[in-house]
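Asks: Attaching a predicted model along with its sequence, questions to come.
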Amino acid sequence: MNPDRHARAMLPIPDRPAPTLTTYDAKDPDTAYPPIEPLLPPAGAPNVLIVLLDDVGFGASSAFGGPCATPNAERLASAGLSYNRFHTTALCAPTRQAMLTGRNHHSVGMGSITETATSAPGNSSLRPNTKAPLAMTLKLNGYSTAQFGKCHEVPVWQSSPMGPFDAWPSAGGGFEKFYGFIGGENNQWDPALYDGTTPVEPPATPEEGYHLTEDLADHACNWIRSQKALMPDKPFFVYFAPGATHAPHHVPQEWADKYKGAFADGWDAQREKTFARQKELGVIPADAELTPRHAEIPAWDDMPAELKPVLEREMEVYAGFLEHTDFHVGRVLDTIEELGALENTLIYYIIGDNGASAEGTLNGAFNEMANFNGMAALETPEYLVSRMDEFGTPSSYNHYAVGWAWAMDTPFQWTKQVASHWGGTRNGAIVSWPRGIAEKGALRSQFTHVIDVAPTVLEAAGLPEPTMVNGVQQSPMEGTSMLYTFTEPDAAERHDLQYFEMFGNRGLYYKGWSAVTKHRTPWEMVGGTLRAFDDDVWELYDGGSDFSQARDLAAANPTMLAKLQRLWLIEATKYNVLPIDDRGIERATPEVAGRPTLIHGTSQLLYAGMGRLSENSVVSIKNKSFSVTAEIDIPDGGADGVIIAQGGHFGGWSLYLKDGAAVFTYNVLGIQEFTTTAGSPVPAGRHQVRMEFAYDGGGLGKGGDVTLYYDGTAAGTGRVGATQAMIFSADETTDVGFESGTAVASGYTPQTSRFTGTIQWVQIDIGDDDHDHLIDPAERLRVIMARQ
């Protein structure tokens, strides 16, 4: 084997041409130059596939004893290694940024999700340029790189069509190909997709059989085939991160129906069944204990009898969703095998970026946005029963009940967001690499963490950790390579110290011991009073004899507890965890949180064709009076279609023309629709159409009066009974002159939404200043200049 000729610690690798004879005439027989060789990693470097599922608890997948069939995870485990002490950060974006960089989540500014970023370095959502992502390192060493699926690492003020794109996968993220979505979740039936940084529409409709996970697998398989056809000597790095199984739990009905009746015994019984199966498989120790249910989680027997069929269906849909996801992961694995590349492909199949999600309320949700707006009470048991058959379909935006999340985290305590306990942070992981792992179907129990993935990949590829990337000196990775575990099953663990923190829930692992304190409950999103941090109650567990954190030893061993508490504080100081931030709703407001915002002042001017504007790219009209004014040209015969729409079927508002007349619809969570229609069509010619909403005040989410105007003259009045206080949608956007995604109003469809007249401009103003119900050119100029 030839020695590697590159000095790879500095990236890009500096060009250092060897001095040669320079001739005057290219035809001179002494003219000679070495051949141009493509940049490649060291000989034998493997292909790399990382599969990261979303919101899957340790006890969900059948590969780790759960009730949801994941045969492809099982077949990969039979060919490789299963890790039963692999850990995440307890939340999606932090786990992803940590995995992609090999650094702790606060070190890369991702102390929580991007939507709650603050100005504190550990929570800013900004990855320092001293911590380059793994994909960039691999690309600059000669790998082909591609990501398919979810990217939740883009700061919200950088997520508009204008970028900047430094944090997007196909720009600063190091991926040459990106096909997927930006944000925490997406409608599986009708996603907001990007190809690189270009918005694209799904290739088909739900009625035509479209589903996001299948689409992502199609693109991943096609890319892998193309890469091996065109660059067979070059290894690939593929990051496959479907939005599944994050809510909404969307899946074709036949997959959910496979589980009919499987969960009739409820979540308490399911934990018992899963626990027994885990011991039978050997994925947990024989002496492990099943942790009891906390009082905050209701017993199955205490749930209303009329609601239990709905609760069963919630879990049936989820189980089908996870099995469906695993099926499409299997298609990617099959493609690699069919190409003859499986032998030298290092595969990580990480079953969850945190514990199972308990963000669906105690009863579950038909539209999970209800809980995020503090309006879960609208979804009464009677309402849920009436929509039961629609769970998982395109008309739903559903989530399951807290009890099911707890069951999917068997045998541990708590769930996603609870970084203190293993229910929030311990996820099953499977590693396969036929050329590098001789043992098959074996278990590994060394403590490992998601920040260990990047160092492992580099070591497997024979690549050094770079000291310089794009002219910036790099800080060391904070993870520890897992490569030693591939060949040494009984080796002492090398990652023996790790802090955890999320929204004030915190813990520390040190040489088998864990000290933890739960500070807040994830499904209690609004209201309630949190304890002071110093009043939190700490627990102590000896992982050497207590796999599941079942026996609290804090009272019996206060010395060890104090030692680990101090260690937590030291690690928290080292990695930018401080100040601890347990705020919830307050952090949703940029001005309060201290993060930048695209929009300043009280007005925003938009133009026809603008679209895919996230809620963070548009002036907020929530909990206040506002107006929308559009200058439009109406052809002879009238016009129809959307002037501007924000949100979609599961919450939002729209100003549009129907039968030539102006209409304003405010849609509350897809449950209530308030519509105001003008009494006459807009005449032909150029006109201003205006909607004014006078907010009632007196708190959040209140209603208000609507008045429609044509050229300053009232044309219709109406009433909105309630509004959404916090968020319209996690995936729907604002569009001018059309509507992407699902439709806000039942009066049109996205396919019929395109405006048939001409829109000159649209202006949104917040506050009560009515401009005499008209906007003159000088006013528009003021808005433009205010943005300079």
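Replies: Now that the structure is in, tell me what you want to look at.
Asks: Run through this protein and note the low-pLDDT ranges.
Replies: In the predicted model of the chain, residues 1-5, 526-527, 769-771, 779-788 satisfy pLDDT under 70.
Asks: Now with 80, please.
Replies: Low-confidence segments of the chain (pLDDT under 80): 1-6, 525-528, 768-772, 776-788.
Asks: Pick out the residue nearest the middle of it.
Replies: Centrality entry for the chain: nearest residue to the mean C-alpha point is G184, 2.8 Å, by C-alpha atoms, centre = their mean.
Asks: Excluding chain neighbours, what is closest to that one?
Replies: Nearest non-adjacent residue to G184, counting by C-beta to C-beta, 6 or more residues apart in numbering: H152, 5.1 Å away. Glycine gets a C-beta too; all of them are placed from N, C-alpha and C.
Asks: How many residues are close by the one you found?
Replies: 26 (other C-beta atoms under 10 Å).
Asks: now do the one 3 residues further on
Replies: Applying other C-beta under 10 Å, we find 21 other residues in the vicinity of P155.
Asks: so the residue nearest to G184 touches G180, yeah?
Replies: No - the criterion here is C-beta atoms under 8 Å, and H152 misses it with G180 at 10.3 Å.
Asks: picking up where we left off before, I'd assumed A93 was in contact with the residue nearest to the centre of the chain.
Replies: Yes - using C-beta under 8 Å, G184 is in contact with A93, at 7.0 Å.
Asks: Now do the same contact list for L530.
Replies: Applying C-beta atoms under 8 Å, 6 or more residues apart in numbering to L530 gives the contacts 504, 519-520, 582.
Asks: try 10 Å
Replies: Taking C-beta atoms under 10 Å, 6 or more residues apart in numbering, we find L530 in contact with 503-504, 519-521, 524, 536, 582-584.
Asks: Now do the phi/psi pair for it.
Replies: Dihedral pair for L530: phi -90, psi 150, per degrees, to the nearest 10.
Asks: Any figure for the gap between it and H421?
Replies: 17 Å (C-beta to C-beta, to the nearest Å).
Asks: which residues of the stretch 401-550 of the chain fall in helices?
Replies: 402-408, 422-425, 453-461, 483-487 (DSSP state H, counting those that start in this stretch).
Asks: Which elements pack onto the first one?
Replies: Yep, that's helix 402-408 we're talking about. helix 266-281, helix 308-338, helix 422-425 (3 or more C-beta pairs under 10 Å, 6 or more residues apart in numbering; DSSP states H and E).
Asks: If we use 8 Å, what do you get?
Replies: helix 266-281, helix 308-338 (3 or more C-beta pairs under 8 Å, 6 or more residues apart in numbering; DSSP states H and E).
Asks: So which of those helices is nearest T20?
Replies: helix 308-338 (41.2 Å; C-beta to C-beta).
Asks: could you point out which element follows the closest one?
Replies: Moving toward the C-terminus from helix 308-338, the next helix or strand (DSSP states H and E) is strand 345-351.
Asks: Need the overlap of contacts for G184 and A93.
Replies: 113-114, 152.
Asks: With distance to A73 and secondary structure added, can I get the residues you listed in JSON lines?
Replies: Formatted as JSON lines, those follow (distance: C-beta to C-beta, whole Å; DSSP: H, G, I helix; E, B strand; the rest coil):
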{"residue": "I113", "distance to A73": "26", "secondary structure": "coil"}
{"residue": "T114", "distance to A73": "29", "secondary structure": "helix"}
{"residue": "H152", "distance to A73": "23", "secondary structure": "coil"}
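Asks: With respect to A370, which of these is nearest?
Replies: Distances from A370 to the shared contacts of G184 and A93, taken by C-beta to C-beta, are shortest for I113, at 19.0 Å.
Asks: residues near E316, how many?
Replies: 25.
Asks: The closest residue in space to it that isn't next to it in sequence is in what secondary structure piece?
Replies: Distances taken as C-beta to C-beta, 6+ apart place Y259 nearest to E316, at 4.2 Å, with adjacent residues excluded. Under DSSP H and E, no helix or strand contains Y259.
Asks: outside of stretch 215-226, which residues touch it?
Replies: Residues outside stretch 215-226 that contact it (C-beta under 8 Å, 6+ apart): 146, 148-149, 177, 179-180, 193, 202-203, 236, 238, 240, 242, 328-329, 331-332, 335-336, 339, 341.
Asks: Give the buried residues for it.
Replies: By neighbour count with 16 or more other C-beta atoms under 10 Å, stretch 215-226 contains the buried residues 215-221, 223-224.
Asks: now that stretch, how far from the centre of its chain.
Replies: For stretch 215-226, the distance from its own C-alpha centre to the chain's C-alpha centre is 21 Å (C-alpha atoms, centre = their mean, to the nearest Å).
Asks: Keeping just the C-alphas, turn it into PDB.
Replies: Output of stretch 215-226 as PDB, limited to C-alpha atoms (Å, rounded to 0.1, in the frame of the first residue of the first chain):
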ATOM      1  CA  ASP A 215     -39.500  10.100  -1.400                       C
ATOM      2  CA  LEU A 216     -36.400  10.500   0.700                       C
ATOM      3  CA  ALA A 217     -35.400   6.900   0.300                       C
ATOM      4  CA  ASP A 218     -36.000   7.200  -3.500                       C
ATOM      5  CA  HIS A 219     -33.600  10.100  -3.700                       C
ATOM      6  CA  ALA A 220     -31.000   8.500  -1.400                       C
ATOM      7  CA  CYS A 221     -31.000   5.200  -3.400                       C
ATOM      8  CA  ASN A 222     -30.700   7.100  -6.700                       C
ATOM      9  CA  TRP A 223     -27.900   9.200  -5.500                       C
ATOM     10  CA  ILE A 224     -25.900   6.300  -4.100                       C
ATOM     11  CA  ARG A 225     -26.300   4.400  -7.400                       C
ATOM     12  CA  SER A 226     -25.200   7.500  -9.400                       C
END
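Asks: for the stretch 501-650 of the chain, what spans make up the strands?
Replies: For the stretch 501-650 of the chain, the strands defined by DSSP state E, counting those that start in this stretch occupy 505-510, 513-517, 539-542, 603-606, 626-634, 641-648.
Asks: in its sheet, what does the fifth one sit against?
Replies: Looking back up the chat, that one is strand 626-634. Note on strand 626-634: by DSSP bridges, its sheet partners are strand 685-695 (antiparallel), strand 758-766 (antiparallel).
Asks: Kindly report the same for the fourth one.
Replies: Under the criterion DSSP bridges, strand 603-606 sits next to strand 758-766 (antiparallel) in its sheet.
Asks: Tell me what angle the partner strand forms with strand 641-648.
Replies: Orientation of strand 758-766 against strand 641-648 (axes from the mean of the first three to the mean of the last three C-alpha atoms, to 10 degrees) gives an angle of 40 degrees.
Asks: buried stuff in strand 758-766?
Replies: For strand 758-766, the neighbour count (16+ other C-beta under 10 Å) marks 759, 761-766 as buried.
Asks: Tell me, how many residues neighbour I580?
Replies: 17.
Asks: could I get the strands paired with strand 626-634 as a markdown table with distance to M375?
Replies: As requested, the strands paired with strand 626-634 are exported to a markdown table (distance: least, C-beta to C-beta, whole Å):
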| stretch | distance to M375 |
| --- | --- |
| strand 685-695 | 17 |
| strand 758-766 | 22 |
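Asks: With S82 as the reference, name the closest of the ones you listed.
Replies: Here strand 758-766 is closest among these (C-beta to C-beta), at 52.7 Å.
Asks: hmm, who's touching the closest one?
Replies: With C-beta under 8 Å, 6+ apart as the test, strand 758-766 has contacts from 602-608, 618-621, 624-633, 643-644, 686, 736-737, 771, 775, 780, 783.
Asks: Buried only: go through these for me.
Replies: Buried positions within the contacts of strand 758-766, assessed by neighbour count (16+ other C-beta under 10 Å), are 603-606, 608, 618-621, 625-632, 643-644, 736-737, 771, 775, 780, 783.
Asks: T20: how many residues sit nearby?
Replies: For T20, using other C-beta under 10 Å, the count is 11.
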